[in-house]
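Chemist: Here you go, sequence then predicted model.
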Amino acid sequence: MSDIDYKDRGSLLNPLKSWAFFGRPPVTEPLEPRAASANYRGFHVNDWEKCVGCSTCQKVCDNAAITMVRIPGLPVDPVKGVRDERPAIDYGRCCWCGLCVDICPTGSLALSREYVHTCTEEQISSYFVLPDSSGMHGKPYGLGWAKTADADLVDLERQAMRELEPEQRIGNFAEIVAGYDDQQALLEASRCVQCGMCHDACPTHMHAPEYIRAIWQGQIEEAVHLIYETNPFAHVCGRVCTRRCETACSIGKRGEPIAIRWLKRYAMDAVPHERIKQIAAAGKATTASGRRVAIVGAGPAGLTAAFDLAKKGHAVTVFEALAQPGGMTRWGIPEYRLPYDRIDRDIDVIRSVGVDIRCNVRIGQDISLEQLRDGHDAVLIALGLQQGRQTRIPHSEHEKVFRAVDLLNKITAGEPFELPHCAVVIGGGNVAMDIARSLARMQKQQYGQVDVVVTALEDQQHFMADPDEIKEALEEGIVIRDNCGPQGCEISAGGKLIGLKTWKVLSIFDQHNRFAPSYDPAGETIHACDTVIEAIGQFSDTSLLGDALTESLEWNRGRLKIDAAGRTSESWLWAAGDMVNGPDVVTAVADGHRVAASIHAAMAVMEKTKPV
Amino acid sequence: MRPENYPSVSQPPSNEFELFYGPNHPGIEGNYALKVRVHGDEVTSARADGGYLHRGFEKLMEGRLWIQNIALVPRICVPDPVPMEVCYSLAVEELGGIEVPLRAQWIRVMQLELSRIAAHLFFFGGHAATTGMYTPMFWGITDRDLILDLFEELSGGRVYHIYNIPGGVRRDLPPGYLERVSKTLDYLESRLPDYDNLLFTNKVFVHRATGIGAMTQEQALDWGVTGPNLRATGLAFDVRRDDPYLVYDQLDFDIPVEAAGDAWARSLVRRSELKESLRILRQVVAKLPHIDGAIRAPIPNPLAWNLPAGDVYTRVESSKGELAYYVVSNGGDKPYRVHVRGPSAMHAVQVLEHLATGARIEDVAQIMFSLDACPPEVDR
Amino acid sequence: MKLTTATPNNVSASLEFLLQEIPGLRTKWAGPRRLRVDLSAETLPALLALLKGRAGYVHLSAISCVDWPEQSEFELVYHLWSYELNVLVKAHIRIPRDPGVYLSVYDLYHPAAFFERDIHEMFGLYFEGSPDMGKFILTEWDGPPPMRKEFDSEAWVMNQFEWQDYRPDWLAEIEARGGGITTRPQDIRKDGKP
């Protein structure tokens, strides 16, 4: 088979033919360093502008060659998911495999086209390098191995969430989001690189990396346990959390962040309710402290504090003015985003650790705050923001001008009201979307068609509302008119509300960045309607404090003054939640934990000074 | 073994010597030793002594994520690293049920054959050098470097390519790459007459290699010989054809055999194989532009990737013979066990011991190299 | 030259038929050329003799050992190849970890000498009748057989060697400004979490 026969003995003359090589010009290579190939895996180059210090490179490094170094002066922003840390490379360990480059979530890492680094023994520290964009020896060899789309080891796309189509959902209040199934949850959880940016960004510092890892490992009960360590509003936050974690997520720097909220929801939905109650009760004090705490307001802040304090063994009573607990999660958020039975489950868990919730008790009317003080060792007020702000534009006192929170309240309570045929909403936040989308559903049910207009000062890109809310509202037939400044309600000769007059907004803030919108009267629009709804924010009604207490408490620009732990100037009174710290569920939960810790600490001090 | 721990040389009869052949000798690629007892010029017994390159790869792999091991496996055979990468990747893919895109399979074949040529060029040089001819060695190393240039361009690394990854390969071909491969193939083909003149039709080399380290086919099968060494005893077996992987069943190539089973036959087989590899590469270069698509199947986040429990034995034909990986998963994110079956584990130990015994001392180096054993495959 | 060419179908049928001679044996095809056989340790020599004598299984590709401390067992896998049938047979047996003794198959397959010596060295499993159970790779090692699961090589390395202590100027400068190393690689080695 070979073209040389095994038996061919060759010739002594054949090698002499190689003498011909003496006639050839020699190959000469220049002494200058040569740049390596365009793909070369040389020394690390790190773009510090892009790098967020997530340390994923360190986790994938098979040789333990990467050390994270904190560098003072670099930007730090937990909310955006930026740390002042950068990777340093030990070239005594690095094997130049480039996995760090392929997995880098931000794409800041690359390898250079430089071949050589060497040194004497005394200079051994030159093997430990903090790479930046200038390259190993500050010489411009250029980038070699760098991130490419088809070699990226980061999965940039999240598992698609099954949702009701607009036509399926518009005529009812059925929940839109279906939730992940087991396989989707596992795949979504597997995308996480465990950088912990979510933990840092979360107001209540949920152990998100840990419970995501637990979900990936199929240990769902462990995930629930980790969730309950920081958040008793687990069902609620699994559905309507403002999810700052996802804003901070490293994967979100180039792709879609991990669906942390949906994973939490998955874990909560996957474990039976009775089992969740057992898990949540873990660590509850076995003996009662004998101390009594009264909490006013059964919203996220109040109930979180109640949950914590009850687990510490204190006797906690929560007073709620409305018929059912839950606060804004129940009375403000529509059912298509957060079904009431999920709130009921969270509250049932909180009750199961021993919290006594009394509804339909209005403090200040049924019982005075002083009575509470006298019967308890500490009192916490967590009233929330239940009153809608008014625009106070001309004719806004008309009976067909409503506040969004009042209408949302009525919808939850099932109270009848005259459903507008044609409504205009003022405001571009989530509450505006909630009322607009709720009304649209009811209009579809009762009138067969949707006629809701949302007007707001901002342009649509800068609405306060969640982008998903805006997208879904548009899908459901709601009209959004942005850059509209309300100037007055139009009233007919017969005294009927017939429209809202707006001017085009030129700017919202003045040069000192104060809220001072300016308008162009030429851009006047009359939005015809039979009802105007104001959704421009809420405030807290503190009248329950009574005159004497209002007088003796310290205030700060109309807001109750509290210390960092939530205690007011009266040593027995704490305040928490939206009324002092705004503006969302998870912040209120964080507040509840903080204030509970403060109350618990105060109890311990009392233990020494005042007998039970 | 450290020199101070060498066993004391027993007092031999005055006409017998015990020699420590190695552990760093051009007779083999890497650190390896042969303890030989010589009577005059004749070797009366030989014992292989390994372990100089033991780095506990198999144990290390149990502590690393599935994907992290791709940086480790090419180090198990420095002169021919691609089969290591591919064989490990094939095992992970089989365990995970991953379908490798066609384009990646063709790119893998291209690398495998380039790596085989590089290894065989290295072999020509080495085999010539053990007979005292150093020019073919310089040529072999120089021409191999042209292939390393191609690897550098493709993978970013000259020796440790770390280019194959479970699911496919890590980068697509750079623009114009196949033309440069083609040019290198042309050049290498044009060099074959030079090698022939200096080596394969050189009466001195032919005489030096003929009859040296000969084994029969029966002995070869009995000793577990595989690859070119087995084919040099007349058995036309090649994993690429008889247990095909990747797209080898779509390629046209022959399996060169020789009957004599000696060093000369082994050299001739490799020379013919190099030509077959050139032939395969021509087909790949012609075919690859027509195969579009992804270069890697989607794989999960490497930091959170469990493979289903199971075990798999994958084999490829490396330049040295049958290379196999036995990989066991217990459902975790790391291998539970990896066993590397390097062809050299046979060739460098019992085959070498058998062939060296009875040989003349000046032929031992040639016997060692003609088996083309790679000590890190033995030591792992 | 090539001995025979067999098509996968009649090969699998005839192999299955042949293997019926061994009692208590379970077979599972994992592909057209991959047959997994599970059997008891006592019957393995009979299987090997049968395969070698009647099906052309002259090539022992490898013997792999897997440690299963939770079951207190070693798994031995004999990878066999027939140049006539072109089918790989993987024969799996389990033997008790203690005392960890098994029979050598050297009399049937000479390559077993290397694999058995390697397994003895790495797992501490003794093969009766193997020609050489002496050390080969770990000549300087007096510790436990390192491939056993209970041997933690990383802990041994951490204990045995120092991490390189680098003192580069850039680090001194950062430390002077109040920064410095936050997470060293060794901090995350065990559980993947700082």
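Modeler: Arrived safely.

Chemist: Can you mark which positions in the helix or strand containing A:I357 are buried?
Modeler: If you go by DSSP states H and E, A:I357 is part of strand A:356-358. Within strand A:356-358, the residues that count as buried by 16 or more other C-beta atoms under 10 Å in any protein chain shown are A:I357. Bear in mind the C-beta positions are built from the backbone N, C-alpha and C, glycine included.

Chemist: Please apply the same query to stretch A:323-336.
Modeler: By neighbour count with 16+ other C-beta under 10 Å, stretch A:323-336 contains the buried residues A:324-336.

Chemist: what's the farthest-apart pair in those residues?
Modeler: Within the buried residues of stretch A:323-336, A:P325 and A:Y336 form the most distant pair, 20.8 Å apart (C-beta to C-beta).

Chemist: follow-up on the earlier one: make CSV from the buried residues of stretch A:323-336 and add pLDDT and secondary structure to it.
Modeler: CSV is the format used below for the buried residues of stretch A:323-336 (pLDDT from 0 to 100; DSSP: H, G, I helix; E, B strand; the rest coil):
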residue, pLDDT, secondary structure
A:Q324, 88, coil
A:P325, 90, coil
A:G326, 88, coil
A:G327, 87, coil
A:M328, 87, helix
A:T329, 88, helix
A:R330, 87, helix
A:W331, 87, helix
A:G332, 87, coil
A:I333, 88, coil
A:P334, 89, coil
A:E335, 89, coil
A:Y336, 89, coil
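
Chemist: Check these against chain C and report the nearest one.
Modeler: A:T329 (32.3 Å; C-beta to the nearest C-beta).

Chemist: My read is that the closest one contacts A:P300, right?
Modeler: Yes. With contact defined as C-beta atoms under 8 Å, A:T329 reaches A:P300; the gap is 6.3 Å.

Chemist: Kindly point out which residues are neighbours of both of the two.
Modeler: Shared contacts of A:T329 and A:P300 (C-beta atoms under 8 Å, 6 or more residues apart in numbering or on different chains): A:233, A:236, A:585.

Chemist: show me the contacts for the second one.
Modeler: This points to A:V236. A:300, A:329, A:338, A:342-343, A:346, A:585.

Chemist: As JSON lines, those residues with distance to chain B and secondary structure would be great.
Modeler: Formatted as JSON lines, the contacts of A:V236 follow (distance: C-beta to the nearest C-beta, whole Å; DSSP: H, G, I helix; E, B strand; the rest coil):
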{"residue": "A:P300", "distance to chain B": "31", "secondary structure": "helix"}
{"residue": "A:T329", "distance to chain B": "32", "secondary structure": "helix"}
{"residue": "A:L338", "distance to chain B": "30", "secondary structure": "coil"}
{"residue": "A:R342", "distance to chain B": "28", "secondary structure": "helix"}
{"residue": "A:I343", "distance to chain B": "32", "secondary structure": "helix"}
{"residue": "A:D346", "distance to chain B": "29", "secondary structure": "helix"}
{"residue": "A:V585", "distance to chain B": "29", "secondary structure": "helix"}
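
Chemist: Now, of those, which are buried?
Modeler: Among the contacts of A:V236, those classed as buried by 16+ other C-beta under 10 Å are A:300, A:329, A:338, A:342-343, A:346, A:585.

Chemist: For the contacts of A:V236, give me JSON lines that also has distance to chain C.
Modeler: Output for the contacts of A:V236, formatted as JSON lines (distance: C-beta to the nearest C-beta, whole Å):
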{"residue": "A:P300", "distance to chain C": "29"}
{"residue": "A:T329", "distance to chain C": "32"}
{"residue": "A:L338", "distance to chain C": "32"}
{"residue": "A:R342", "distance to chain C": "31"}
{"residue": "A:I343", "distance to chain C": "33"}
{"residue": "A:D346", "distance to chain C": "29"}
{"residue": "A:V585", "distance to chain C": "28"}
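
Chemist: Return the member of the residues you listed nearest to A:A597.
Modeler: Of the contacts of A:V236, the one sitting nearest to A:A597 (C-beta to C-beta) turns out to be A:P300, at 16.2 Å.

Chemist: Quick check: closest non-adjacent residue to the closest one.
Modeler: Nearest residue to A:P300, sequence neighbours excluded (C-beta to C-beta, 6 or more residues apart in numbering or on different chains): A:A588, at 4.0 Å.

Chemist: Tell me if I am right that the one you found is in a helix.
Modeler: Yes. Read with DSSP: H, G, I helix; E, B strand; the rest coil, A:A588 is one of the residues of a helix.

Chemist: ok so, going back, go through the shared contacts of A:T329 and A:P300 and name the one with the lowest pLDDT.
Modeler: Ranked by pLDDT, those bottom out at A:V585 (87).

Chemist: Was I right to think that residue contacts A:V240?
Modeler: Yes. At 6.5 Å, A:V585 counts as touching A:V240 under the criterion of C-beta under 8 Å.

Chemist: so what sits against both of the two?
Modeler: Common neighbours of A:V585 and A:V240 (C-beta under 8 Å, 6+ apart) are A:T329.

Chemist: Secondary structure element for B:F20, which one?
Modeler: Counting by DSSP H and E, B:F20 is part of strand B:16-21.

Chemist: Return the alpha-carbon coordinates of that strand using PDB.
Modeler: What follows is strand B:16-21, C-alpha atoms only, in PDB (Å, rounded to 0.1, in the frame of the first residue of the first chain):
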ATOM      1  CA  GLU B  16      27.000  -7.200  33.000                       C
ATOM      2  CA  PHE B  17      25.900  -3.600  33.600                       C
ATOM      3  CA  GLU B  18      22.700  -2.100  34.900                       C
ATOM      4  CA  LEU B  19      21.900   1.100  33.100                       C
ATOM      5  CA  PHE B  20      19.300   3.700  33.900                       C
ATOM      6  CA  TYR B  21      18.200   4.600  30.400                       C
END
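
Chemist: centre of the chain versus that strand, how much separation?
Modeler: 29 Å (C-alpha atoms, centre = their mean, to the nearest Å).

Chemist: dump the residue contacts of the closest residue to B:F17 other than its chain neighbours.
Modeler: Excluding the flanking residues, the one nearest B:F17 by C-beta to C-beta, 6+ apart is B:V38, at 5.0 Å. Applying C-beta under 8 Å, 6+ apart to B:V38 gives the contacts B:16-19, B:44, B:361.

Chemist: what about 10 Å?
Modeler: B:12, B:15-19, B:21, B:44-46, B:359-361, B:364 (C-beta atoms under 10 Å, 6 or more residues apart in numbering or on different chains).

Chemist: Same check on A:S126?
Modeler: A:S126 sits next to A:91, A:117-120, A:136-137, C:166, C:168-169 when contact means C-beta under 10 Å, 6+ apart.

Chemist: Tell me the buried residues in the strand holding B:F20?
Modeler: Neighbour-count burial for strand B:16-21, counted by 16+ other C-beta under 10 Å, picks out B:18-21.

Chemist: Over to the closest residue to chain C within the stretch 151-300 of chain B: give its phi and psi.
Modeler: Using C-beta to the nearest C-beta, B:G224 is the residue of the stretch 151-300 of chain B that sits closest to chain C, at 3.3 Å. Note on B:G224: backbone dihedrals following degrees, to the nearest 10 are phi 80, psi 30.

Chemist: Tell me, how many residues neighbour the residue lying closest to it once chain neighbours are set aside?
Modeler: Spatially, and ignoring its direct neighbours in sequence, B:G224 is nearest to C:P111 (3.3 Å; C-beta to C-beta, 6+ apart). For C:P111, the count of nearby residues is 26 (other C-beta atoms under 10 Å in any protein chain shown).

Chemist: Enumerate every residue touching C:P111.
Modeler: Here C:P111 is in contact with B:221-226, B:341, B:345-346, B:349-351, C:59-63, C:105 (C-beta under 10 Å, 6+ apart).
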